[in-house]
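Any chance you can model this:
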Amino acid sequence: QLPAGIKAKDIWLVGPVVEAGLTPSGYSEYHEGAGVDKIFSRLKGHTPFSTELLFRFSLQGAKLISRHPNFPYVMAEIETYRGCKRSSHCSFCSEQFKTLRYSRAVEDVIGEVKALYREGGRYFRLGCQPDLLSHSEADQNVFKELYSGIRDVAPELKVLHLDNINPTSVVRPGGRELLNIITEYNTPGDTASLGLESADPDVIAANNIGTTPEICLEAVEIINEIGGRRMKGIPLLLPGLNFLHGLKGETRKTMDLNFNYLKNILAKGLLLKRINIRQVIAHRDYENAQVSKGAFLDYKKKVNEEINQPMMRKVFPQGTVFREVIPEKFDGRVTFSRQMGTYPIRVGIPGNIPLGAPLDVKVIQHGFRSLTALPYPFNINNASIEQLEALPGVGKKRASNIILQRPLAGPEDIYRIMGDEPARPILELVDFFGCSS
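Model (predicted):
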């Protein structure tokens with residue numbers, strides 16, 4: 001039953017889209033809420049907002065997780081605080097328009113995780129906030145209590161990831177210690193998204209961006225040093241980089257500066273889990289720069305070919321095993337899948353794989369922003385024609401020949417069909433022979 005004052009078909013729009021003064025499309029009638037405070041006021045009959053009230057709602061709402069259509073594969077994003085803590089904001093950012101700001105007590109965050117875990121939640125991300133390392137004034141004891149407390153109340157969780165981190169928070173005193181705490185308790189595949197936005201000093205100055213290319217590079221180095229070790233074959237915590245185009249002060253040289261910045265990171269042997277290049281959405285009175293569509297597309301293509309794909313090969317080498325990849329969509333001859341987690345990599349599995357049922361896969365090829373993988377363990381005698389064709393050096397003709405000569409008893413059969421040189425990379429990907437019942 002709906003509370004008094006709420007109609008069955010009321011539509012409320014809140015968050016950055018509304019707060020930044022952007023015009024929504026697709027809604028004929030809706031209420032504009034400047035933040036969660038107005039939603040709470042409407043629901044509770046003008047009861048003033050408080051973090052205690054927020055905590056009560058989070059506990060009551062935990063039961064909804066089991067009603068999600070993808071349950072139990074649902075990522076629960078847990079907020080630690082709301083509102084950017086900088087005294088002056090990036091000129092393009094919607095954080096400056098948030099009228100309600102608060103910081104949640106550690107016991108409230110842990111309590112929400114506990115409630116969701118009790119209802120079957122197993123995948124958690126500490127997200128929403130602009131900079132996780134600024135929570136509780138970067139107190140190391142608080143971070144230890146937060147992460148260890150989550151692990152205590154959710155002992156069999158499958159994902160504990162984070163979202164945004166300010167590069168400046170990484171390099172300041174105490175930043176390394178906070179990252180050490182995080183990597184003591186998080187799960188592999190985590191991503192710290194860093195908002196450099198531009199490697200152009202003129203753009204940084206014109207938009208009051210709270211970092212510099214030099215600080216961000218140092219942050220990338222520190223995160224690689226602390227989080228780059230592999231667990232279950234996957235790096236524990238890697239940085240991601242965000243770039244915005246169309247910002248005030250941008251010129252044609254900006255794309256070159258950004259590209260060369262990424263090229264330097266690659267040359268240094270540093271790893272990036274994700275490179276996010278997008279165009280700014282202007283809000284209210286923000287005057288964005290015009291970006292040539294052709295130049296922007298050429299620039300993204302160059303980044304994909306010369307940065308993204310080589311980086312993917314380094315982060316996820318051929319033979320890397322991804323655990324519990326969830327098939328989401330079958331399109332043509334490929335099933336597209338992803339792991340649960342922060343900014344998961346898209347994985348294409350040749351063949352029609354049952355949707356929604358997690359499986360382990362082994363990487364065989366690298367795209368610009370995606371991977372091709374085969375079910376793991378891989379039994380060549382049970383593989384589909386699409387999976388055989390995807391093996392390095394096989395193709396349609398050899399795949400058909402393998403099927404005609406199955407069952408294969410061992411490596412010698414692969415050598416006989418393929419020849420010595422072509423057979424070697426295939427044997428590295430075949431985990432066993434024999435037909436399963």
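
Now for the nearest residue to Cys93 once chain neighbours are set aside: which residues touch it?
Taking CB to CB, 6 or more residues apart in numbering as the measure, Cys93 lies nearest to Cys84, with 7.1 Å between them; neighbours along the chain are not counted. Every C-beta, even on glycine, is put in place using the N, C-alpha and C of the backbone. If a contact means CB atoms under 8 Å, 6 or more residues apart in numbering, then Cys84 has Cys93, Glu95, Gln96, Lys98, Pro130, Asp131 as its contacts.

What segments of the stretch 51-200 of the chain are strands?
Per DSSP state E, counting those that start in this stretch, the stretch 51-200 of the chain has strands spanning 75-79, 81-82, 102-103, 123-127, 159-162, 164-165, 190-197. These are given in chain order.

Report the rounded mean pLDDT for the longest one.
Here strand 190-197 scores 96 as its mean pLDDT.

And the contacts of whichever helix or strand comes after it?
Counting by DSSP states H and E, the element after strand 190-197 in chain order, helix or strand, is helix 201-207. Identification of contacts with helix 201-207 by CB under 8 Å, 6+ apart yields 90-92, 197-198, 209, 211-213, 247-251, 254.

Select from those residues the one having the most neighbours.
The most crowded member of the contacts of helix 201-207, judged by other CB atoms under 10 Å, is Leu247 (27 neighbours).

Contact partners for that residue?
Contact criterion CB under 8 Å, 6+ apart gives Phe92, Glu197, Ser198, Val203, Ala206, Asn207, Val280, Asn288, Ala289 as the residues in contact with Leu247.

now do Asn276
Neighbour list for Asn276: Ser193, Gly240, Leu241, Asn242, Phe243 [criterion: CB under 8 Å, 6+ apart].

quick one: which of the strands of the stretch 51-200 of the chain is nearest Asn224?
Comparing those by their distance to Asn224 (CB to CB), the top pick is strand 190-197, with 10.5 Å.

Show me what the closest one pairs with in its sheet, parallel or antiparallel.
Strand 190-197 sits in its sheet next to strand 164-165 (parallel), strand 237-245 (parallel), going by DSSP bridges.

orientation of that strand relative to strand 123-127 in degrees?
Using axes from the mean of the first three to the mean of the last three CA atoms, to 10 degrees, one finds that strand 190-197 and strand 123-127 are set 30 degrees apart in direction.

For strand 190-197, output the C-alpha coordinates as CSV.
Taking Å, rounded to 0.1, in the frame of the first residue of the first chain, the C-alpha atoms of strand 190-197 are listed here in CSV:
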residue,chain,number,x,y,z
ASP,A,190,38.3,-4.3,-8.5
THR,A,191,38.6,-1.0,-10.2
ALA,A,192,39.5,2.4,-8.8
SER,A,193,38.1,4.9,-11.3
LEU,A,194,40.3,8.1,-11.4
GLY,A,195,38.8,11.3,-12.8
LEU,A,196,41.7,12.9,-14.5
GLU,A,197,39.3,14.1,-17.3
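
what residues does that strand touch?
For strand 190-197, contacts defined as CB under 8 Å, 6+ apart pick out 90, 130, 160-167, 170, 182-183, 203-204, 207, 209, 211, 213, 216, 219-220, 223, 227, 236-244, 247, 273-274, 276, 341-343.

Spatially central residue in this structure, please.
The residue lying closest to the centre of the chain (CA atoms, centre = their mean) is Tyr343, at 1.2 Å.

My reading is that that one lies in a helix. Confirm?
No: secondary structure assignment places Tyr343 outside any helix; it is coil (DSSP: H, G, I helix; E, B strand; the rest coil).

Can you give me the pLDDT of it?
According to the prediction, Tyr343 has pLDDT 94.

Equivalent analysis for Phe432, please.
69.

cool, Arg101 as well?
On pLDDT, Arg101 comes in at 83.

what number of residues lie near it?
When counting by other CB under 10 Å, one arrives at 12 neighbours for Arg101.

For the residue lying closest to it once chain neighbours are set aside, the count of nearby residues, please.
Spatial nearest neighbour of Arg101, chain neighbours left out: Gly83 (3.1 Å); criterion: CB to CB, 6+ apart. By the criterion of other CB under 10 Å, Gly83 has 16 neighbours.

So Gly83 versus Gly127, what's the distance?
Gly83 sits 14 Å away from Gly127 when distances are taken as CB to CB, to the nearest Å.
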